[in-house]
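**Q** What would the 3D arrangement of this be:
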Amino acid sequence: MTGLSNRVELNNGVHMPWLGLGVFQSKEGQEVVDAVTTAVKQGYRLIDTAAVYGNEEGVGRAIRECGTDRSELFVTTKVWNSNQGYDSTLRAFEESRSKLGLEVIDLYLVHWPVAGKYKETYRALEKLYKDGAVRAIGVSNFQVHHLKDLLADCEIKPAVNQVEYHPLLTQREVKAYCDEHNIQLQAWSPLMQGNLDVTLLNEIGGKYGKSPAQIVLRWDLQTGVTTIPKSVKAERIASNADIFDFELTADEVRQIGELNRDHRFGPDPDNFNF
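**A** Residues are numbered from 1 along each chain as shown. Got it, this is the predicted structure:
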């Protein structure tokens, strides 16, 4: 894991970058175009968006204008809750594909496990995968019981489960289950919405000359979790990628994991209302 070009092999053989740029809350238009363009120039090759973010058009524009060949870039988007269901998911995908201006999406995810709908939604993703419209499919915010329910019926195992994951929410059961079933865990909100003033993170950061954010992102990678920190600031985008010139010790990885408080900054997948 020597740099931004490094990729993990998913369970279907597709290679996905370990570190990417998340664009949640990046404004449609110039803001998201600039963020994506800056990230690509810094060496990022994974861009993570979603229909509900409202910025797929800007992401697509940046991809076309960034000067990097499309084949080098890995683009993720997600179907939103109100569009879940078989037919509506297929329609939502076409809308996302049109906004992005891409023939093929690298990774398409079920954004949340909407009760009574996510299995039909995932069945639509399986069709898109079989049709070659997506290179990999997966889920987001699925807990163990959702994954067990899905795996009981699905034809194609999810390649990725994207969840809130950080030192205060280590999702041990979910991670263990995903590891057991070769489903790649990916961290959203890895930087705890900026709540990084933690004594241990400051102490370890001081040792390596790194920020608490860089320590957390390095910890993600060393725990085998791909990560997509979001930012629209050029200096932060660059800083988040500057994590490949040091390595945490096994003891430091353990200590950071012991910060876990099962604390969510985002919604609970078993109790969300949107």
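
**Q** show me where this protein has strands.
**A** Applying DSSP state E to the chain gives strands spanning 7-9, 15-17, 21-22, 46-48, 74-79, 105-110, 134-140, 160-164, 184-188, 226-227.

**Q** I'd like to know which elements the last one is packed against.
**A** Read that as strand 226-227. Helices and strands touching strand 226-227, by 3 or more CB pairs under 8 Å, 6 or more residues apart in numbering; DSSP states H and E, are strand 184-188, helix 212-222. Any C-beta I mention is one placed from the backbone N, CA and C, and that applies to glycine too.

**Q** follow-up on the earlier one: mean neighbour count for the strands of the chain - can I get that in TSV?
**A** Shown next, in TSV, are those (neighbours: other CB atoms under 10 Å):
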stretch	mean neighbour count
strand 7-9	15
strand 15-17	20
strand 21-22	28
strand 46-48	26
strand 74-79	26
strand 105-110	25
strand 134-140	24
strand 160-164	25
strand 184-188	24
strand 226-227	26
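
**Q** got the ones you listed as a markdown table, with mean pLDDT and distance to Tyr118 columns?
**A** Converted to a markdown table, those look like this (pLDDT from 0 to 100; distance: least, CB to CB, whole Å):
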| stretch | mean pLDDT | distance to Tyr118 |
| --- | --- | --- |
| strand 7-9 | 98 | 24 |
| strand 15-17 | 98 | 22 |
| strand 21-22 | 96 | 22 |
| strand 46-48 | 97 | 20 |
| strand 74-79 | 98 | 10 |
| strand 105-110 | 98 | 5 |
| strand 134-140 | 98 | 8 |
| strand 160-164 | 98 | 12 |
| strand 184-188 | 98 | 17 |
| strand 226-227 | 98 | 22 |
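
**Q** okay if I get the ones you listed as CSV plus distance to Val33?
**A** Formatted as CSV, the strands of the chain follow (distance: least, CB to CB, whole Å):
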stretch, distance to Val33
strand 7-9, 25
strand 15-17, 20
strand 21-22, 12
strand 46-48, 11
strand 74-79, 14
strand 105-110, 19
strand 134-140, 24
strand 160-164, 23
strand 184-188, 21
strand 226-227, 23
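
**Q** of those, which approaches Lys233 most closely?
**A** Counting by CB to CB, Lys233 lies closest to strand 21-22 out of the strands of the chain; the figure is 11.6 Å.
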